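J.: Sequence plus predicted model, see below.
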Amino acid sequence: MVGTELVKRILVDTGADSNILFRNVFDAMGLKESDLKSHQHGVMGLGDNYIKPDGTISLPICLETGEDRRSVMADFVVLRDSTAYNIILGRMTINEFLAVICTKFLTMKFVTDKGAVGSIRGGLEVAVACDNASLSLRKESKKAAGMFLADPEVDMEKFQIGKSAEQFTFVNKNLPHELKGPPMEMIKANNDLFAWTPSDMPGLDPEVMSHRLVVKPDAKPIAQRRRKMSLERADEVAK
């Protein structure tokens, strides 16, 4: 139960900071614009673009019923976006429930209001359907936005910026040449802006960047005992 309504298709997402309530569900629950509080920060949408939320709202969430129930108050960010889910439950509320999640069995165990252990279980068919729908929506969102998102482990390629082979950065190899070429040329043309060693950054004003040890001026210096290293490490340190 969320507020006064029974809500299905809730994604329990330990990777999300906030709880998200989508606007179509907000409207279906009979909530009003006047119930919303302002929210200053953007939220990452399906197309990896920032979306301005409509606001936030506090609602009670109740898991299970009877002896096994657990109720908490939760803040939701109200968002207009396409998704296969009605609500995304973030880790702050998951922690409020003192919940433990087993993704293999689609089960969440939690501490009830009376201190016992309760559990709820998701349906495999619904989970698979929602997952497929989310992937489909994400692909459509990327296509509509004209984005080329990269997997850092397989989609990135090196390109040399400076004179040596060690002076490089990465570019998405899936980009068409007309999108990839100009930025690469611009970066190469401005390679003097990159610093590869501390000696490449002479004359930094301490007002811009500095490092100091915060120690009491009247503290007595104490010499620590020498820490021995293996010969292998000692050779590297010497180098």
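T.: Now that the structure is in, tell me what you want to look at.
J.: so what's residue 120 bridging to?
T.: Note on residue 120: beta-bridge partners by DSSP bridges are residue 108.
J.: Residue 22: neighbouring residues, count only.
T.: Using other C-beta atoms under 10 Å, residue 22 has 20 neighbouring residues. Every residue, glycine included, has its C-beta placed from N, CA and C.
J.: Assess the claim that it and residue 76 are in contact.
T.: No: using C-beta atoms under 8 Å, residue 22 is not in contact with residue 76, being 9.5 Å away.
J.: what sits in contact with each of the two?
T.: In terms of C-beta atoms under 8 Å, 6 or more residues apart in numbering, residue 22 and residue 76 are both contacted by the residues residue 87.
J.: what sits against residue 73?
T.: Counting by C-beta under 8 Å, 6+ apart, residue 73 has contacts 58, 59, 60, 61.
J.: mind putting those residues in CSV, neighbour count included?
T.: Converted to CSV, these look like this (neighbours: other C-beta atoms under 10 Å):
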residue, neighbour count
58, 11
59, 21
60, 12
61, 21
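J.: now the strands for this protein?
T.: 10-12, 19-22, 43-44, 50-51, 55-63, 70-79, 87-89, 100-102, 107-111, 117-121, 156-160, 168-172 (DSSP state E).
J.: partner strands of the longest one, parallel or antiparallel?
T.: Yep, that's strand 70-79 we're talking about. Here, using DSSP bridges, strand 70-79 pairs with strand 19-22 (parallel), strand 55-63 (antiparallel).
J.: just so I know, which of the ones you listed lies nearest residue 98?
T.: Smallest distance to residue 98 across those (C-beta to C-beta): 11.1 Å, for strand 55-63.
J.: Count the residues that sit near the closest residue to residue 180 other than its chain neighbours.
T.: Nearest residue to residue 180, sequence neighbours excluded (C-beta to C-beta, 6 or more residues apart in numbering): residue 171, at 5.9 Å. Neighbour count of residue 171, defined by other C-beta under 10 Å: 19.
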